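> everything below, folded, please.
(2 chains)
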Amino acid sequence: MNLVEILDENLIKVPLTGKTKDEILEELVQTLAKGKDLSSFDYKAVLTAVKNREELGSTGIGKGICIPHAQSEAIDKISLVVGVSKEPIDFDSPDHMKSKLFFLVVAPVSAASAHVEVLAAIARSCSSSVFRRMLEQCKSSREIIQLFAE
Amino acid sequence: MAVPFKNILVYIDGSEESISAMMYGILLAKQNKAELSAMYVVNTKALSDLVKVGIFLDLEKNEYQRDLQKDAERYLKHAQKLAKKKEVDVSCITEEGSAHRIVRDYIKSNDVDLLVLGGVSTIRSRRDELNSETDRMVRTVPCPVMLVREDEDLWETFE
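Sure thing, here's the model as predicted:
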């Protein structure tokens, strides 16, 4: 599975408007809920799963990238939400750098293999500083999809 | 090289395509009276890499590893069920590590003469080149490789 296969224009938010870590997490999960037409019950279940994971340790991995993730039965297949913030957000990353690039990955337990593949693919893509800069400069969902498809 | 094939390996990763590959492998083994094996590799290499880059905590790595082991059991059991429907024997193998390396090494040490895989990704980007495990298998294994495309007739054959 590669990222282009699961990227969905409805699951991309540019720019994110949240100003804090909690606001960003909520905005990402809201984008997922809207794009996937989740009930408010399922929205809350996903948000709780994401926040519970975050409490174990920050999913900010450094270099301005955050990859919040969780397993949840509230969705039926693996989903990726991409968000870009204009303002850098403090996400408690290990390098103390504030973050602009956010990837929320939520998958049911039965999709563990795809979940691992998608997380690895994000890490690979974001290892390039050129790619990170280009992603930060994207102004629309379409630009982001094109960038990943190049 | 044995033609027709006498020792067939199907790599299963849980995708629908890999289940199609399993069905194809079963039919091929029956037709050729070949030995058939099905392999699922728990990708512990990818899990360790995710810990290294800070995406996974050790605790999460262990949880996902357990989930993947359960996946392996579930999919290999399904493979056995499919083979039984066609009265074909299948050896099921679960391994851990880097999938393409494990498959390559198994093929070398067990004289496998055909690897059957679900199709490689159809939508792709330059960035993903050479990163898919099945793509890497195609490029690195020493035996012929058969890529099975989605085929409704194939699924109907097993219903």
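
> CA atoms for contacts and neighbours, from now on please.
Will do.

> identify the single longest strand in chain B, thanks.
Using DSSP state E to define each element, chain B has its longest strand at strand B:35-42.

> ignore what I typed, I meant chain A.
strand A:79-89.

> residues contacting the very next helix or strand once past that strand, please?
Of the helices and strands lying after strand A:79-89 in sequence (DSSP states H and E), the nearest is strand A:99-107. Contact partners of strand A:99-107, identified using C-alpha atoms under 8 Å, 6 or more residues apart in numbering or on different chains, comprise A:28-29, A:46, A:60, A:62-73, A:75-91, A:115, A:118-119, A:122, A:132, A:135-136.

> now the helices for the chain?
Since you didn't name a chain, this refers to chain A. Listed in chain order, the helices of chain A (DSSP state H) span A:3-6, A:21-36, A:40-56, A:112-125, A:129-136, A:141-149.

> wait, chain B
The residue ranges that make up the helices of chain B, judged by DSSP H, are B:16-32, B:44-52, B:58-85, B:99-110, B:133-140, B:152-158.

> helices or strands up against the second one?
In terms of contact count using 3 or more C-alpha pairs under 8 Å, 6 or more residues apart in numbering or on different chains; DSSP states H and E, helix B:44-52 is assigned the packing partners helix A:112-125, helix B:58-85.

> name the surrounding residues that touch the shortest one.
With contacts defined as C-alpha under 8 Å, 6+ apart, helix A:112-125 is touched by A:1-3, A:67, A:78, A:103, A:105-107, A:131, B:13-14, B:46-47, B:49-50, B:53, B:55, B:64, B:67-68, B:127-128.

> now with 7 Å, please.
Under the criterion C-alpha atoms under 7 Å, 6 or more residues apart in numbering or on different chains, residues A:1-3, A:78, A:107, B:46-47, B:50, B:64, B:67-68 lie in contact with helix A:112-125.

> quick one: average pLDDT of it?
Per-residue confidence for helix A:112-125 averages out to 89 on the pLDDT scale.

> and B:Ile102, how many neighbours?
18 (other C-alpha atoms under 10 Å in any protein chain shown).

> distance of it relative to B:Ala72?
Taking C-alpha to C-alpha, to the nearest Å as the measure, B:Ile102 and B:Ala72 are separated by 15 Å.

> repeat for A:Ala49
Distance from A:Ala49 to B:Ala72, counting by C-alpha to C-alpha: 25 Å.

> which of these two has more residues huddled nearby?
For A:Ala49 versus B:Ala72, neighbours defined as other C-alpha under 10 Å are more numerous around B:Ala72 (24 against 16).

> quick check, pLDDT for the closest residue to the more buried one other than its chain neighbours.
Leaving out its chain neighbours, the residue that sits closest to B:Ala72 by C-alpha to C-alpha, 6 or more residues apart in numbering or on different chains is B:Tyr40, at 5.7 Å. Among the per-residue scores, B:Tyr40 holds a pLDDT of 96.

> follow-up on the earlier one: how about JSON lines for the helices of chain A, with distance to B:Leu9 added?
Compiled in JSON lines, the helices of chain A are given as follows (distance: least, C-alpha to C-alpha, whole Å):
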{"stretch": "helix A:3-6", "distance to B:Leu9": "27"}
{"stretch": "helix A:21-36", "distance to B:Leu9": "38"}
{"stretch": "helix A:40-56", "distance to B:Leu9": "38"}
{"stretch": "helix A:112-125", "distance to B:Leu9": "20"}
{"stretch": "helix A:129-136", "distance to B:Leu9": "38"}
{"stretch": "helix A:141-149", "distance to B:Leu9": "32"}
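
> which one of those has the most crowded surroundings?
Highest mean neighbour count of the helices of chain A: helix A:112-125, a mean of 20 (counted as mean count of other C-alpha atoms under 10 Å in any protein chain shown).

> one step back: need the residues that contact the longest strand of chain A.
With contact meaning C-alpha under 7 Å, 6+ apart, strand A:79-89 is reached by A:6-7, A:11-17, A:19-21, A:28, A:32, A:98-107, A:136.

> what's the distance between the residue in chain B sticking out farthest from the centre and chain A?
Among the residues of chain B, the one whose C-alpha is farthest from the average of all C-alpha positions is B:Gly54, by C-alpha atoms, centre = their mean at 28.1 Å. Here the distance between B:Gly54 and chain A works out to 5 Å (C-alpha to the nearest C-alpha, to the nearest Å).

> list the contacts for that residue?
Contact analysis of B:Gly54 by C-alpha under 7 Å, 6+ apart lists A:Ile61.

> dihedrals phi and psi, it?
Listed backbone geometry of B:Gly54 is phi 90, psi 10, with angles given as degrees, to the nearest 10.

> of the contacts of strand A:79-89, buried ones?
By the neighbour-count criterion of 16 or more other C-alpha atoms under 10 Å in any protein chain shown, those include these buried positions: A:7, A:11-16, A:28, A:32, A:98-107, A:136.
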